[in-house]
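> starting from these lines, generate the structure:
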Amino acid sequence: MEMKSSNQVKGFAAGIIAAVCYGTNPLGTLELYKDGFSSGSVLTYRYLLAVVMFAIVLLFRREHFGIKWGHAIRLAFLGSMFALSSTTLYVSFHYMAAGIASTLLFVYPIMTAVLMTVFFHEKVTWTTSLAILLAVSGVGLLYQGDGNEKLSTAGFALVMTSSLLYALYIISVNRWNTTMSNVKFTFWILVFGLLTVVIFTAISGESFQLLQTPKQWLCGLQLALLPTVLSLFFMTISINLIGSTPAAIMGALEPVTAVIIGVFVFGESFTFQLAIGIAAILAGVTLIIAAAPQKVDTERWKTDGK
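Numbering: from 1, shown residues only. From the prediction side, this is the model:
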């Protein structure tokens, strides 16, 4: 029981770290957008630098890069799915405000719970349902538009596609039994994700800008390290220690982090509405942690496996 509780704590901690790291996306992205960088350029640097970082870690660990052909096919599928989720979200910003898109994106915990119930017969308890309701409601309160934005059909479809792809990615990771280390797994996810982003950028015809100033390189490195390397790595650990649905609900902390960054870094106002939204999200996260069953698979996804 102690071992299970220990792994469960690690799973929730990993989920929180992943969400907080992913929530730092606005830091580098907004700065690069100000400098005229296209979505394809930002995504390419984000994935490329992340791949380099993971390669360095693998070399430091003296872990070989090789994978089986069967694994390569599955990793290519997962990497493409993850990258297309990012890409469709970024493209949606051309059709609607980023705040609306980021808020709509958080339907993915609901999609995850529904898909797990329909296809894998996972029982959704009332506590899980309440936690999702609190988290989604809280995220909705975090959005502070002026009320005049129109909801684009194309933008809405792109965000829903992004949410569905991310939900499928989370479930797919959870359903895959492997002794491959988390480091190698995440490295190959990003390699195939990078290929997907490069192909998308080439097909879309977007211009590609080079990182030139120290500030731009710092933004690129920040996007690679925090919302990509660390977020994806810890999310993988969380999914396989506490399951798909709880890990997805932990993602509610992503917009909370973005709001905090907006207030303290970009000087945005902190309102009572934001306070209520954050409180609802924290209540939902706390509820799912407190209600977690004492059952954890300790044999899967060892961090030192080859």
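> which element is the closest residue to residue 55 other than its chain neighbours on?
Using Cβ to Cβ, 6 or more residues apart in numbering and skipping residues adjacent in sequence, the residue nearest residue 55 is residue 187, 6.7 Å away. (C-beta placed from N, C-alpha, C; glycine too.) Using DSSP states H and E, residue 187 sits in helix 182-204.
> from the contact counts, what lies against the next helix or strand after that helix?
Using DSSP H and E, the helix or strand that follows helix 182-204 in sequence is helix 214-224. Helices and strands touching helix 214-224, by 3 or more Cβ pairs under 8 Å, 6 or more residues apart in numbering; DSSP states H and E, are helix 25-34, helix 39-60.
> what's the distance between the lowest-mean-pLDDT helix or strand in the chain and the middle of its chain?
Across the helices and strands of the chain, mean pLDDT, DSSP states H and E gives its lowest value to helix 98-105, namely a mean of 75. Centre-to-centre, helix 98-105 and its host chain are 14 Å apart (Cα atoms, centre = their mean, to the nearest Å).
> re the thing from before, ok, the residue nearest to residue 55 - contacts?
Residue 187 makes contact with 51, 54, 55, 57, 58, 65, according to Cβ atoms under 8 Å, 6 or more residues apart in numbering.
> ok, 7 Å please
By Cβ atoms under 7 Å, 6 or more residues apart in numbering, the residues touching residue 187 are 51, 54, 55, 58.
> buried ones from those residues, can you make that a PyMOL selection?
What follows is the PyMOL syntax selecting those of the contacts of residue 187 that are buried according to 16 or more other Cβ atoms under 10 Å:
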select buried, resi 51+54+58
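> would you list the contacts of residue 187 in CSV and tack on distance to residue 93 and pLDDT?
Formatted as CSV, the contacts of residue 187 follow (distance: Cβ to Cβ, whole Å; pLDDT from 0 to 100):
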residue, distance to residue 93, pLDDT
51, 24, 96
54, 27, 95
55, 30, 95
58, 33, 93
